[in-house]
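*Asks:* here are the coordinates; sequence isn't available:
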């Protein structure tokens, strides 16, 4: 008998802008690959250089996306909050995290198995195209937010 996805997980996914408007069947596919994850303030969700084999949808809390700088130490380049997706490095080889993600507050999230999502996308190319468009949109939004935060950090005006 096939696994029935948790309806609460599917409902929680649908509140994320990345997954809003996704069909119930597609939400079910993503929900099947998801498990609850919790982190205390100060814990790392991701560490630069480690294998990128999952991503997170934040249900509660705030996460700092950080880069290591030889002359400035850890630099926060972005802060993500409820509804945001954390960790898109799994989408492209070599599937290694290119940043750290540290919980600024208590985090309640969904941890989603990236291999399961990629396998589902291979089996259903229409689902794959839809999800990849959504992830690309998330990545563009996050890059734009990081760009603005870095401009502010370095005091660049205009």
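*Replies:* Now that the structure is in, tell me what you want to look at. Worth saying up front: this structure is predicted, and the values here are computed from it rather than measured. Residues are numbered from 1 along each chain as shown.
*Asks:* so where's the longest helix in the protein?
*Replies:* When the chain is parsed with DSSP state H, its longest helix is helix 125-153.
*Asks:* Quick one: distance of that helix to the chain centre.
*Replies:* Offset of helix 125-153 from its chain centre (Cα atoms, centre = their mean, to the nearest Å): 10 Å.
*Asks:* and what of stretch 26-44?
*Replies:* On Cα atoms, centre = their mean, the centre of stretch 26-44 falls 9 Å from that of its chain.
*Asks:* got the buried residues for the longest helix of the chain?
*Replies:* 127, 130-131, 134-135, 138-139, 142, 145-146, 149 (16 or more other Cβ atoms under 10 Å). C-beta: built from backbone N, CA, C; applies to glycine.
*Asks:* list the helices and strands it packs on?
*Replies:* helix 24-32, strand 73-80, helix 114-123 (3 or more Cβ pairs under 8 Å, 6 or more residues apart in numbering; DSSP states H and E).
*Asks:* Report the next helix or strand after the second one in sequence order.
*Replies:* The one in question is strand 73-80. strand 85-86 (DSSP states H and E).
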